[in-house]
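coordinates only, sequence not included:
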């Protein structure tokens, strides 16, 4: 039997990766697509990227038989959409972030647990070859005990091409929640060490001066269990044209008691220097695992949790930590 997906919200382009993933799998099918925003509906019809079937989400939930609701609306709307899906007995697969408030987060956790429904997120860093290899290196013990981790997740702002809602108060929900959610998922997965506490978080407006309410700069400092320190810079300050291709885009540097390892999202090697080495050793990245988040979600929905790397519990924990840290930065 095919897993039936219904989509709601196409206001962030990440959702098109989920759309393609469903189309590419013979054991899945798209049964409905809803867009409530009139301007977005018009834009979609002009491109033929989506076969829209509904303009009202409540109507789609009521009338369409489906197993999963896939969510790609603006960030501030996602919590309500996810809760409606869960209350209707549907699994949820969302672009990140899942929601922007701790109230929605708590309700999502409660309903998904009580009704045994899966909640998946597009946390795709786990499938990147450089990070898979970095994880192998850390967990092999080559670096010794992990002491510090520096993460540079600088993004280009690209204000002119971002969806306008990014800069509208109440719709984005914060840069730490937007980007930092990856950090809260990635670090324990890389190291095998849970988070202990967030020591400090800050966000502020700098480059996006035309939108003073939009905090395009964000940083936080945290501690893992056992004492390792983590510093993450999640700002939208990368150069517009080259930003996604620079080594500063998702750069991860890990220092341990025996040496360090460093790589970035588009790297072809992981650089390693151990105490006994006087040169940089370049270890090739691992083969990427394309759409790992989607495969894991499908395995969990179908009851094959032993085959899952990223599970509902991981997604919900990363979401909760990101929202809590965002609140600390702006509260």
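Nice, I can see it. These numbers come from a predicted model, not from an experiment.

quick check: phi and psi at the residue nearest to residue 257 when sequence neighbours are not counted.
Distances taken as C-beta to C-beta, 6 or more residues apart in numbering place residue 144 nearest to residue 257, at 3.4 Å, with adjacent residues excluded. The C-beta positions use only the backbone N, C-alpha and C, and glycine is treated the same way. Dihedral pair for residue 144: phi 80, psi -150, per degrees, to the nearest 10.

in contact with residue 128, which residues?
Contacts for residue 128 (C-beta atoms under 8 Å, 6 or more residues apart in numbering) come out as 250, 265, 288.

hmm, the second one is touching residue 245, no?
Translated: residue 265. No: applying C-beta atoms under 8 Å, one finds residue 265 not in contact with residue 245, separated by 9.7 Å.

quick revisit: which residues are in contact with the residue nearest to residue 257?
Applying C-beta under 8 Å, 6+ apart to residue 144 gives the contacts 256-259.

which of those tops the neighbour count?
The residue in these with the most neighbours, by other C-beta atoms under 10 Å, is residue 256 (22 neighbours).

list phi and psi for that one.
Phi and psi for residue 256, reported as degrees, to the nearest 10, are phi -120, psi -180.

beta partners for it?
Beta-bridge partners recorded for residue 256 (DSSP bridges): residue 146, residue 259.

quickly note the distance from it to residue 174.
32 Å (C-beta to C-beta, to the nearest Å).

does residue 92 sit in a helix or strand, and which one?
If you go by DSSP states H and E, residue 92 is part of strand 91-94.

next SSE downstream of that strand?
Using DSSP H and E, the first helix or strand after strand 91-94 is helix 102-114.

what packs against the following helix or strand past that following helix?
Using DSSP H and E, the helix or strand that directly follows helix 102-114 along the chain is strand 119-121. For strand 119-121, the packing partners by 3 or more C-beta pairs under 8 Å, 6 or more residues apart in numbering; DSSP states H and E come out as strand 91-94, helix 292-301, helix 312-330.

can you give me the strands for the chain?
3-8, 28-34, 68-71, 91-94, 119-121, 146-153, 195-204, 217-224, 229-233, 249-256, 259-264, 269-274, 281-284 (DSSP state E).

what mean pLDDT does the second one get?
Taken as a whole, strand 28-34 has an average pLDDT of 98.

among the strands of the chain, which comes closest to residue 327?
Closest approach to residue 327 among those is made by strand 195-204 (8.7 Å; C-beta to C-beta).

against which helices or strands is that closest one packed?
helix 181-191, strand 217-224, helix 312-330.

which regions of the protein lie under the pLDDT threshold?
Scanning the chain with the threshold set as pLDDT under 70 gives 331.

residue nearest the centroid of it?
Centroid check for the chain by C-alpha atoms, centre = their mean gives residue 123 as the closest residue, at 3.7 Å.

without its sequence neighbours, what residue ends up closest to that one?
In space, residue 123 is closest to residue 185, 4.8 Å off (C-beta to C-beta, 6+ apart).

on that earlier part again, mind checking which of residue 265 and residue 245 has more residues around it?
Each of residue 265 and residue 245 has its neighbours counted (other C-beta under 10 Å); residue 265 has more, 20 against 13.

return the residues in contact with the more buried one.
125, 128, 130-131, 249-251.

again, only this time at 10 Å
124-125, 128-131, 153, 244-252 (C-beta atoms under 10 Å, 6 or more residues apart in numbering).

what are the phi and psi values at it?
Dihedral angles for residue 265 - degrees, to the nearest 10 - are phi -60, psi -40.

ok, it to residue 288 distance?
10 Å.

joint contacts of those two?
If you check residue 265 and residue 288 against C-beta under 10 Å, 6+ apart, the residues they both contact are 124, 128-131.

quick one: buried ones out of those?
Neighbour counting by 16 or more other C-beta atoms under 10 Å classes 124, 128-131 among the shared contacts of residue 265 and residue 288 as buried.

on that earlier part again, the residue nearest to residue 123: neighbour count?
If you count neighbours by other C-beta under 10 Å, residue 185 ends up with 25.

contacting residues around it?
96, 121, 123-126, 293, 310, 314-315, 317-319, 321-322.

ok, now with 7 Å
Contacts for residue 185 (C-beta atoms under 7 Å, 6 or more residues apart in numbering) come out as 123, 314, 318.

can you check residue 125 too?
131, 182, 186.

nearest to residue 36 among the helices and strands packed on strand 195-204 would be which one?
Of all those, it is helix 312-330 that lies closest to residue 36, at 23.0 Å by C-beta to C-beta.

tell me which residues in the closest one are buried?
Buried residues in helix 312-330, counted by 16+ other C-beta under 10 Å: 312, 314-330.

who touches it?
With contacts defined as C-beta under 7 Å, 6+ apart, helix 312-330 is touched by 97-98, 100-102, 105, 109, 112, 118-121, 123, 174, 176-177, 180-181, 184-185, 195, 198, 201-203, 215, 218, 220, 300.
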